[in-house]
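Student: Quick one: sequence plus predicted model below, questions after.
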Amino acid sequence: MNAPSSTLFTAPPEWQWLIVLYFFLGGIAGGAYVLGALIDLFGGLLQRPLARLAYLVAFPATVVCGLILTLDLRRPLRFWHMLLQSETFRPMFKAWSPMSVGSWALLLFGFFALLSFLSALGEGEDRRARRLAPFARLRPPGVVGVVVAVLGALLGFFIAGYTGILLSVTNRPIWADTNLLGLVFLISGASTAAALLALLGHRRAAATGVHALERFDSVMLVLELVALIALVVSLGGIARLWLSAWGALFLVGVVLLGILVPLGLYRRSLRFGGVSGLAAAALVLVGGFLLRVVIILSSEGA
Amino acid sequence: MAQAMGFFTDTTVCIGCKACEVACKEWNQLPATNGGANTLSGNSYDNTRRLDGIHWRHVKFVEQFTPDRSQGRWLLMSDVCKHCVQAGCLEVCPTGAIIRTEFDTVVIQSEVCNGCRDCIAACPFGVIDINPASGTAQKCTLCYDRLQVGLEPACAKACPTASIQFGPVAELRKRADARVSQLQRAGETRAHLYGADDTMLGGLNSFFLLVDRPEVYGLPPDPKLPSRNLKSSSWISVAGAVVVGLAGLLSFRARGSRP
């Protein structure tokens, strides 16, 4: 008789809706920063408003992420124990613990996201912008701006993807039965960030780059579909846990409404214009959220 | 370091009296479930249900009966933290709250833990949970406070049948080997030790004598460290980041941005 998977003998950590929300917003924050940096570093002048929008999204989302994570602790006032040893006040860091590395990465990413947020605010004509004008140098093409964008983007990639690795570095069913969750969350983070920027940017000066965002997101959706197929295959026998309402939500909510339908709508938008791109972006955001719902809560209930 | 101390739990002599559960609760001042208004689980005589933040010992009742209940046997096992030599909880704990003591046991420092619950997901045995009274993750400490003053853990002290034996792990292993041999000579060929050698997580300092497959007792057949996925997950994600970055570069470079 085949022995059951050992991950089925473990206890759920009760990571619920706050963690679902954090994983979703963290993906958007990291992804948005990466997109902003890529546009700033390689895009044309016409796309700069889109990068500015990305930075304006990334930092507030990161702040909300920090608050959510703190609230989710059973002892929220001890949030700083993640960073400092409570007795000695020396740095607390474990390179082999994704949650430890993630805590530091979120702090550092927040710093770079703040710099870019200020630089984005510093670009404009109003009084506030004039006051923050010195920060505008923190955006490319200047050397300092390039350094900030590159370091921030590397951390952004990390923030978007480490949450999946954190789940895999446990012993819980589904999470620990695959090593592809980091990849899936990273791609989904880039995808949902592109979708949000497309939604927010279509009526603004940032609209110039929206079609580029739609093209990029189409590529991300194809990659996500491939990664999700690989994920289900990698789960092996434990995938039977998804022969349930979770599996239905995964197929209908994540794959169909969150990937396949938006792919068709983006295609239509890129060919004929119109509002189908907006509908696609909205569906991508819903699908990205549901992906995290399915991954996290289906294991919690197992 | 003092020598490694641990438990040898011989399930064949457990009578399900739950003295270990009571002694553990009393010594460690663990609160009652629902303020004492407990409900029956409907699962044999087990109303503790599982190890958690306020139950650091749990006597499992496994009924193996024929449908007409004319033949069968009870499997009774007092479950507890395994105090793994390679401990998954200790590995992932981001605050440093989980430490290895001078007795080679694994202890959660309640005043350091912030309740992130990563250790709960990392434990291969489902041992740890939040104690609602403290808001921190808790589990068996192998009575660290008693060990420091030369006392044995409360559960082992209370066990009336010596199902729970406490002592230096090396000595316990010898005793356990002798007991397995004795049982096998007597015809109980299924008797075997779970976690007594270092092939399972470097060795469990709290190990068991079983007379059926581990999963029958609710024990994982092949427990592993959470870090087994760390390297592969990380490298796959790095490769993914490179692909996403390249896709972004191609999508947003000045030439490709024309509508």
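Tutor: Now that the structure is in, tell me what you want to look at.
Student: Number of residues surrounding the nearest residue to residue B:253 once chain neighbours are set aside?
Tutor: Nearest residue to residue B:253 in three dimensions, chain neighbours excluded: residue A:42, at 4.5 Å (Cβ to Cβ, 6 or more residues apart in numbering or on different chains). Every residue, glycine included, has its C-beta placed from N, CA and C. The number of residues packed near residue A:42 is 19, by other Cβ atoms under 10 Å in any protein chain shown.
Student: I'd like to check which residues are in contact with residue A:42.
Tutor: Residues near residue A:42 by Cβ atoms under 8 Å, 6 or more residues apart in numbering or on different chains: B:248, B:249, B:252, B:253, B:254.
Student: so the third one makes contact with residue A:38?
Tutor: Going back to what we said before, that points to residue B:252. Yes. Using Cβ atoms under 8 Å, residue B:252 makes contact with residue A:38 at a distance of 5.3 Å.
Student: before we move on, the earlier item: which two among the contacts of residue A:42 are spaced furthest apart?
Tutor: Pairwise distances across the contacts of residue A:42 peak at 13.3 Å for B:248 and B:254 (criterion: Cβ to Cβ).
Student: These two - which one has more neighbours?
Tutor: residue B:248 (27 against 13).
Student: What does that one show for phi and psi?
Tutor: phi -70, psi -40 (degrees, to the nearest 10).
Student: For the stretch 201-302 of chain A, which segments count as helices?
Tutor: For the stretch 201-302 of chain A, the helices defined by DSSP state H, counting those that start in this stretch occupy A:210-235, A:245-249, A:261-272, A:276-300.
Student: Would you mind listing where chain B has pLDDT under the threshold?
Tutor: Along chain B, segments meeting pLDDT under 70 span B:1, B:254-259.
Student: The residue of the stretch 51-200 of chain A found nearest chain B: what's its closest spatial neighbour, skipping adjacent residues?
Tutor: Proximity to chain B, evaluated over the stretch 51-200 of chain A using Cβ to the nearest Cβ, is greatest for residue A:74 at 2.6 Å. Once flanking residues are discounted, residue A:74 sits nearest to residue B:115: 2.6 Å by Cβ to Cβ, 6+ apart.
Student: To which secondary structure element type does residue A:25 belong?
Tutor: Of the three states, residue A:25 takes helix according to DSSP: H, G, I helix; E, B strand; the rest coil.
Student: is it true that it touches residue A:59?
Tutor: No. When contacts are counted by Cβ under 8 Å, residue A:25 is not listed as touching residue A:59 (11.9 Å).
Student: where does the residue nearest to residue B:253 sit relative to residue A:200, distance-wise?
Tutor: 21 Å (Cβ to Cβ, to the nearest Å).
Student: got the end-to-end distance for stretch A:199-214?
Tutor: 10 Å (Cα to Cα, to the nearest Å).
Student: Stretch A:84-103 now?
Tutor: For stretch A:84-103, the first-to-last residue distance is 11 Å (Cα to Cα).
Student: Quick one: residues in contact with it.
Tutor: For stretch A:84-103, using Cβ under 8 Å, 6+ apart, the contacting residues are A:78, A:80-83, A:104, A:158-159, A:162-163, A:165-166, A:169, B:91-96, B:111-112, B:116, B:118, B:227, B:230.
Student: Repeat the analysis, applying 6 Å as the threshold.
Tutor: Here stretch A:84-103 makes contact (Cβ atoms under 6 Å, 6 or more residues apart in numbering or on different chains) with A:82, A:83, A:162, A:165, A:166, A:169, B:92, B:94, B:96, B:112, B:118, B:227.
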